[in-house]
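S.K.: no sequence for this one, just the structure:
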């Protein structure tokens, strides 16, 4: 049985996928975590939920992976107390 695929559509989809791979979003360079969904207020306070929520609330300059531990601590202290 012959496939009923339009070559034009295949080409268009291929171009869209290639363009999406090249596209750089502002949020793509920011390290964020997925926050799990919970059903209770107690579940919202659990570490697996609270930790990514807290991390995502930090400014993006603190979430850069090129910071050393000393630089991160200094920047975090400045953010929290300065």
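M.R.: Looks like it came in fine. None of the values given here were measured: they were computed from a predicted structure. Numbers count the residues shown, from 1 in each chain.
S.K.: what is the end-to-end distance of stretch 61-75?
M.R.: Stretch 61-75 has an end-to-end distance of 9 Å (criterion: Cα to Cα, to the nearest Å).
S.K.: how about it, which residues are buried there?
M.R.: For stretch 61-75, burial by neighbour count (16 or more other Cβ atoms under 10 Å) applies to 63, 75. C-beta: built from backbone N, CA, C; applies to glycine.
S.K.: do the same with stretch 45-62
M.R.: Residues of stretch 45-62 classed as buried by neighbour count (16+ other Cβ under 10 Å): residue 58.
S.K.: so for it, what's the average pLDDT?
M.R.: Across stretch 45-62, pLDDT averages out at 89.
S.K.: what about the chain, any weak spots by pLDDT?
M.R.: 1-13, 15-31 (pLDDT under 70).
S.K.: the helices in it, which residues?
M.R.: 7-22, 41-44, 47-57, 69-81 (DSSP state H).
S.K.: helices and strands around the shortest one, which ones?
M.R.: Here helix 41-44 is seen to pack against no other helix or strand when contacts are counted using 3 or more Cβ pairs under 8 Å, 6 or more residues apart in numbering; DSSP states H and E.
S.K.: list of residues touching that helix?
M.R.: Helix 41-44 has contacts (Cβ atoms under 8 Å, 6 or more residues apart in numbering) with 38, 49, 50.
S.K.: in CSV, list these along with distance to residue 62.
M.R.: Listed next are the contacts of helix 41-44 as CSV, based on distance: Cβ to Cβ, whole Å:
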residue, distance to residue 62
38, 25
49, 20
50, 17
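S.K.: which one of the residues you listed sits closest to residue 65?
M.R.: Minimum distance to residue 65 across the contacts of helix 41-44 is 21.5 Å, recorded for residue 50 (Cβ to Cβ).
S.K.: how about the closest one: what's its closest non-neighbour residue?
M.R.: Closest residue in space to residue 50, ignoring its immediate chain neighbours: residue 44 at 7.3 Å, by Cβ to Cβ, 6 or more residues apart in numbering.
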